[in-house]
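Trainee: quick one, what's the 3D model for this:
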Amino acid sequence: MSLARLVVTAVKVEGRTKAEVARSYGVSPRWVYELCRRFDAEGEAALEPRSRRPRSSPHRTSEALEDEIVELRKDLMDLGLDAGAQTIGVHLRRRHPDVSLPSTATIWRILTRRGFVTPQPHKRPCSSFIRFQADMPNERWQADITHWKLTDGTKVEILNVIDDHSRFLVASVASSIFKAADVVASFHEAASAHGFPASLLTDNGAVFTAIPRKGTCAIELETAALGIRYLHSRPYHPQTCGKVERVHQTLKRWLAKHPPVASIEELQPELDRFRTYYNEVRPHRAID
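Mentor: A predicted model of the protein is given here:
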């Protein structure tokens, strides 16, 4: 039996005073009087548990702003762009610089409630990863090659180079296949615009290292001649080059949302447009 029913029974059936019942059950006399008043007016329904949710919430995000958040989410996803809560928050602040806007956590809850986020309770939390980053720009670059298909199914390669500290996309270059000399040429072209890095980090692809062949490849010779420290990730451990791997993912999502291209000559302008957006428009937590 619920406490409310015990209190009402003691007053209505046993005939005890409300003050006495309040003392016996250790509750507020005001609550006893209110409960009895409700029972007289509503009968048994008055004894059912009631929601404690407030009738109004003055700080609740307005429906119009929630709709704008959802619209931003859809627009960014349709363009193949990052559409997380933090990114949406930045775009909102750009639109409404003088308005108090919801926090990143609130935006995330709105997206979840509207069905745009699927909770993943078993996913490894970000806090469990050991992070590292260079302390200064041009202290370290990360470079890697990924693949893309043209309209006829031909596979081409894309070399992405990113600054480890600022996440600035230094280069994004397409080629039918990258040879050792092509990697060196792309490295010099990027350095001519942004300066040489103090170190370079890549995986163990054949164009990046000849150690398995007991030799030295072109980019290893070039960085040694320039006094640039050259680092390789642990074999079969792409997390070491996680920043440039993440760029691959963002780039491919962008390309998938744009018209297919039939040649490298058509692909390169798309990469140039992506790099401009990535560096100059897309919100960057690393460089604010």
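
Trainee: show me the strands in the stretch 101-250 of the chain, by range?
Mentor: For the stretch 101-250 of the chain, the strands defined by DSSP state E, counting those that start in this stretch occupy 141-149, 155-163, 169-175, 199-202, 229-232.

Trainee: so what touches the first one?
Mentor: When you say that, I think you mean strand 141-149. 155-164, 170, 174, 178, 183, 187, 197, 199-203, 205, 207-208, 241, 243-245, 248, 251-252, 255, 267 (Cβ atoms under 8 Å, 6 or more residues apart in numbering). (Each C-beta comes from the backbone N, C-alpha and C, glycine too.)

Trainee: which parts of it are buried?
Mentor: Using 16 or more other Cβ atoms under 10 Å as the test for burial, strand 141-149 gives 141, 142, 143, 144, 145, 148.

Trainee: could you do the second one as well?
Mentor: Across strand 155-163, burial judged by 16+ other Cβ under 10 Å covers 156, 157, 158, 159, 160, 161, 162, 163.

Trainee: now the last one
Mentor: Residues 230, 232 are the ones in strand 229-232 that count as buried (16+ other Cβ under 10 Å).

Trainee: so what strands line up beside it?
Mentor: strand 199-202 (parallel) (DSSP bridges).

Trainee: how far off centre is the partner strand?
Mentor: Remark: strand 199-202 is offset 25 Å from the chain centroid, using Cα atoms, centre = their mean, to the nearest Å.

Trainee: for that strand, give the mean pLDDT please.
Mentor: Across strand 199-202, the average pLDDT comes to 94.

Trainee: same deal with stretch 12-31?
Mentor: Average pLDDT, stretch 12-31: 90.

Trainee: show me the contact partners of it.
Mentor: Stretch 12-31 is contacted by residues 3, 6, 7, 10, 11, 32, 33, 36, 39 when judged by Cβ under 8 Å, 6+ apart.

Trainee: one more time with 6 Å
Mentor: Stretch 12-31 has contacts (Cβ atoms under 6 Å, 6 or more residues apart in numbering) with 7, 10, 11, 32, 33.

Trainee: for the second one, give me its contacts.
Mentor: Translated: residue 10. 16, 21.

Trainee: tell me the phi and psi of the most centrally placed residue in the chain?
Mentor: Geometric centre of the chain, nearest residue: residue 84, 4.7 Å, by Cα atoms, centre = their mean. Recorded main-chain torsions at residue 84 are phi -80, psi 170, according to degrees, to the nearest 10.

Trainee: separation between it and residue 114?
Mentor: Using Cβ to Cβ, to the nearest Å, one gets 14 Å for the distance from residue 84 to residue 114.

Trainee: would you put the C-alpha positions of stretch 272-288 in CSV?
Mentor: This file holds the C-alpha atoms of stretch 272-288, laid out as CSV (Å, rounded to 0.1, in the frame of the first residue of the first chain):
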residue,chain,number,x,y,z
ASP,A,272,41.2,21.6,-54.3
ARG,A,273,37.7,22.7,-53.4
PHE,A,274,37.6,20.3,-50.5
ARG,A,275,40.9,21.5,-49.2
THR,A,276,39.7,25.1,-49.3
TYR,A,277,36.5,24.2,-47.4
TYR,A,278,38.5,22.0,-44.9
ASN,A,279,41.0,24.7,-44.1
GLU,A,280,39.0,27.9,-44.3
VAL,A,281,35.3,27.1,-43.6
ARG,A,282,35.0,23.9,-41.6
PRO,A,283,35.1,24.4,-37.8
HIS,A,284,38.5,23.4,-36.5
ARG,A,285,38.8,22.7,-32.8
ALA,A,286,42.6,22.6,-33.1
ILE,A,287,42.9,26.1,-34.4
ASP,A,288,39.6,27.5,-33.0
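
Trainee: which residues touch that stretch?
Mentor: With Cβ under 6 Å, 6+ apart as the test, stretch 272-288 has contacts from 87, 90, 166, 167, 168, 169, 172, 251, 254.

Trainee: that stretch: which residues count as buried?
Mentor: Across stretch 272-288, burial judged by 16+ other Cβ under 10 Å covers 274, 275, 278, 282, 283.

Trainee: could you do stretch 205-213 as well?
Mentor: For stretch 205-213, by 16+ other Cβ under 10 Å, it's 207, 208, 209, 210.

Trainee: same check, this time on stretch 239-246
Mentor: Within stretch 239-246, the residues that count as buried by 16+ other Cβ under 10 Å are 240, 241, 243, 244, 245.

Trainee: buried residues in stretch 256-274?
Mentor: 261, 264, 267, 268, 270, 271, 274.
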